[in-house]
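>>> Any chance you can model this:
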Amino acid sequence: MKIKYLKIKNWFLVTLMGAMGLSSCHCHKELAEPQPENPPVQDQERIRLMYGVPTMNFMIRGQVKDANGIPVRDIRVNMLERGMDVENGELQGDPENVQRFLDNTSVRTDDEGRFTIQNSGLPQQQVRLLVRDVDGRENGEFRSQVVDMKVEDKDVDRTNAGGWNQGTFNKEVKIRLENR
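Reported below is the predicted structural model:
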């Protein structure tokens, strides 16, 4: 009798939990409308996250030059994550975490002042680069600067997009540094 009671109780609880789970799966009218497979970058803020996260690949190539147009080597370039604040050329936040982020995500310019950043993350409407001179006087002293790039549809290659992958943002950027 006790076993029969427990089986009925468990069946009832499983059925109730299933019904509650299904009833919570409703959608808004906006979501009920057909969505394009690859929405324009401007509409990506409206993407709803469910059972996965949309991602975008970032391929940013560039060249850093001084005020006279001469390429500068050993400049560090970081792609900042959404919500990171920079004030007076310095990344804000806990100093230990900031330093770890800068060390782990920076790329250095080569002898021609060129760099390439390859990254993957959430689709964004704007990409920010932090450009810093960290070697002292060795190749000149330059002010840190932030470079903002708007993510436009023309810069997004959707050839390999599908599922949660929103494509690859490809951009070439020229950066001029000011002397300190």
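>>> Number of residues surrounding the nearest residue to Gln92 once chain neighbours are set aside?
Distances taken as CB to CB, 6 or more residues apart in numbering put Asp85 closest to Gln92, at 4.4 Å, once the chain neighbours are dropped. Yep, even glycine has a C-beta here, placed from its N, CA and C like the rest. When neighbours are defined as other CB atoms under 10 Å, Asp85 has 11 of them.
>>> now Asn10
Using other CB under 10 Å as the criterion, Asn10 is surrounded by 10 other residues.
>>> Against Ala19, how distant is it?
From Asn10 across to Ala19, the span is 15 Å (CB to CB, to the nearest Å).
>>> ditto for Gly93
Using CB to CB, one obtains 45 Å as the distance from Gly93 to Ala19.
>>> got it, and Leu6?
Shown here: Leu6 relative to Ala19, a distance of 20 Å by CB to CB.
>>> Val134 reaches Asn78, doesn't it?
No. Counting by CB atoms under 8 Å, Val134 sits too far from Asn78 to count as a contact (11.0 Å).
>>> Between these two, which is the more surrounded one?
Using other CB under 10 Å as the criterion, Val134 and Asn78 rank with Asn78 on top: 22 against 12.
>>> and the more buried one, what does it touch?
Asn78 is in contact with 101-102, 105-107, 129-130, 132, counting by CB atoms under 8 Å, 6 or more residues apart in numbering.
>>> what about the protein, any weak spots by pLDDT?
Per-residue confidence for the chain (pLDDT under 70) gives these ranges: 2, 21-51.
>>> where along the protein do the strands fall?
Taking DSSP state E as the test, the strands found in the chain are 55-65, 75-80, 86-87, 90-91, 107-108, 114-121, 126-133, 145-150, 156-157, 165-176.
>>> Can you redo the ones you listed as TSV, where the extra columns are distance to Met1?
Formatted as TSV, the strands of the chain follow (distance: least, CB to CB, whole Å):
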stretch	distance to Met1
strand 55-65	55
strand 75-80	66
strand 86-87	71
strand 90-91	68
strand 107-108	71
strand 114-121	58
strand 126-133	67
strand 145-150	71
strand 156-157	66
strand 165-176	56
